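Colleague: Here is my input, please return the structure:
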Amino acid sequence: MIIVKLIGGLGNQMFQYAMARSLADHYDVSLKLDIADFEHYTLRRYELVDFNIRAEVASKQDINTFNISTKRNSLSQRIKRHFVPLVSKTVFRETSFAYNERVLSVMPPVYLDGYWQTERYFSHNSVAIRRDFTLHEQLDVKNVEMQAQIEAVNAVSLHVRRGDYVNDPHTNYSHGVCSLDYYHDAVKYIVERVAQLHLFVFSDDHEWAQGNLNFQYPATFVNHNSNKRGIFDMLLMQHCQHHIIANSSFSWWGAWLNPSPHKIVVAPRRWFNKASHDTRDLIPPTWIIL
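Modeller: Okay, here's the model as predicted:
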């Protein structure tokens with residue numbers, strides 16, 4: 001058995017699942033999800049429930065098997081994390097954002113704790129991962145109509161992440177937001193390579209996006225899904241032919257779920273405000289960094 005800790009928003013949870021699922025597939029063992037932190041994490045909720053994922057929610061008994069405290073972030077736990085080796089008999093913790101090939105030598109049963117934000121952990125298993133991240137229910141009428149509009153043109157998704165990146169001081173300090181110059185440069189890059197493009201703008205701040213983004217190309221602001229239905233925005237993104245993503249795992253996945261080898265994906269060079277984060281493996285090598 002493999003248990004992976006889930007934390008963060010939808011994109012973060014998808015990275016954590018994809019990495020652990022691929023390791024579980026490799027060893028042909030079951031995968032369980034530790035979602036206990038969402039009991040106290042009010043900013044986010046468990047969001048993989050709408051996907052066709054192959055995993056069960058881990059019980060407290062399952063988690064206790066790995067000697068993981070369900071009382072998170074206690075002083076004793078922080079002290080223990082400081083002194084216990086990062087690779088123990090049953091627990092493997094991420095130490096940086098860069099790919100860690102040591103995970104390939106981890107034998108189940110194991111508990112995985114980290115963000116695992118690189119496709120290097122699961123690109124070899126991409127067909128299964130993309131299948132897992134399909135909805136187990138049909139799209140509603142509005143999203144079916146929007147998907148049809150997207151598929152009728154040379155659609156380019158453009159994602160503007162604000163929300164907690166603006167309103168939460170800690171997240172704002174850590175990430176910041178992409179500049180208007182970045183979006184204009186990204187559109188210019190794609191315009192030079194794609195004829196008659198049509199922009200589809202996705203954002204968690206529709207008012208700001210419509211008031212501040214002005215392009216001389218056809219643009220549709222996709223604003224019928226609420227922030228609690230962001231999963232539908234992500235699935236619409238993947239039907240676009242090309243993508244301009246924000247410094248957000250949300251639009252990272254919207255672009256990655258598009259399996260086309262001909263897609264153009266533009267990503268921002270600055271993912272975090274802090275230069276100390278090693279993001280060299282975060283952006284796939286075929287994507288364009290501006």
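
Colleague: give the contact list for the closest residue to L43 other than its chain neighbours.
Modeller: Spatial nearest neighbour of L43, excluding adjacent residues (Cβ to Cβ, 6 or more residues apart in numbering): D164 at 6.7 Å. C-beta coordinates here come from the backbone N, C-alpha and C atoms, glycine included. Residues near D164 by Cβ atoms under 8 Å, 6 or more residues apart in numbering: 43, 171-172.

Colleague: try V57
Modeller: Counting by Cβ under 8 Å, 6+ apart, V57 touches 32-33, 35.

Colleague: burial of V49, as a residue count?
Modeller: 11 (other Cβ atoms under 10 Å).

Colleague: C-terminal to the helix-or-strand element of the chain with minimal mean pLDDT, what's the next element?
Modeller: Least confident helix or strand of the chain, by mean pLDDT, DSSP states H and E, is helix 75-83 with a mean of 44. Remark: after helix 75-83, the chain's next helix or strand is strand 91-93, criterion DSSP states H and E.

Colleague: Quick check: F250 touching V160?
Modeller: No - counting by Cβ atoms under 8 Å, F250 stays clear of V160, with 10.8 Å between them.

Colleague: isn't there a helix covering Y111?
Modeller: No - counting by DSSP: H, G, I helix; E, B strand; the rest coil, Y111 falls outside a helix, being strand.

Colleague: Report the contact partners of the closest residue in space to it that isn't next to it in sequence.
Modeller: Nearest in space to Y111, with sequence neighbours left out and distances taken as Cβ to Cβ, 6+ apart, is F66 at 4.0 Å. Counting by Cβ under 8 Å, 6+ apart, F66 makes contact with 3, 90-91, 109-111.

Colleague: and what of S157?
Modeller: Contacts of S157 (Cβ under 8 Å, 6+ apart): 200, 202, 236-237, 240, 242-244, 251, 254-255.

Colleague: Same list, those, but as a markdown table with distance to H277 and neighbour count please.
Modeller: Output for the contacts of S157, formatted as a markdown table (distance: Cβ to Cβ, whole Å; neighbours: other Cβ atoms under 10 Å):
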| residue | distance to H277 | neighbour count |
| --- | --- | --- |
| F200 | 29 | 24 |
| F202 | 25 | 26 |
| L236 | 29 | 23 |
| M237 | 24 | 26 |
| C240 | 28 | 27 |
| H242 | 27 | 24 |
| H243 | 22 | 28 |
| I244 | 22 | 29 |
| S251 | 18 | 26 |
| G254 | 22 | 27 |
| A255 | 20 | 24 |
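
Colleague: Please flag which of these sit within strands.
Modeller: 200, 202, 242-244 (DSSP state E).

Colleague: I'd like these as TSV, with pLDDT appended.
Modeller: Listed next are these as TSV, based on pLDDT from 0 to 100:
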residue	pLDDT
F200	98
F202	97
H242	98
H243	98
I244	98
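
Colleague: now, among those residues, which is nearest to K60?
Modeller: F202 (37.1 Å; Cβ to Cβ).

Colleague: any idea how far that closest one lies from A219?
Modeller: In this view, F202 and A219 are 11 Å apart by Cβ to Cβ, to the nearest Å.

Colleague: Look up the pLDDT of the closest residue to R93 other than its chain neighbours for me, please.
Modeller: Excluding its sequence neighbours, the residue lying closest to R93 (Cβ to Cβ, 6+ apart) is D113, at 4.6 Å. Per-residue confidence (pLDDT) for D113: 95.

Colleague: State the number of residues packed around D113.
Modeller: Count around D113 with other Cβ under 10 Å applied: 19.

Colleague: I'd guessed it sits against T95; true?
Modeller: No - if you go by Cβ under 8 Å, D113 and T95 don't touch, sitting 10.6 Å apart.

Colleague: so where is the stretch 1-150 of the chain shaky, pLDDT-wise?
Modeller: 69-89 (pLDDT under 70).

Colleague: Now do the helices in it.
Modeller: Using DSSP state H, counting those that start in this stretch, the helices found in the stretch 1-150 of the chain span residues 10-27, 60-64, 75-83, 126-132, 141-151.
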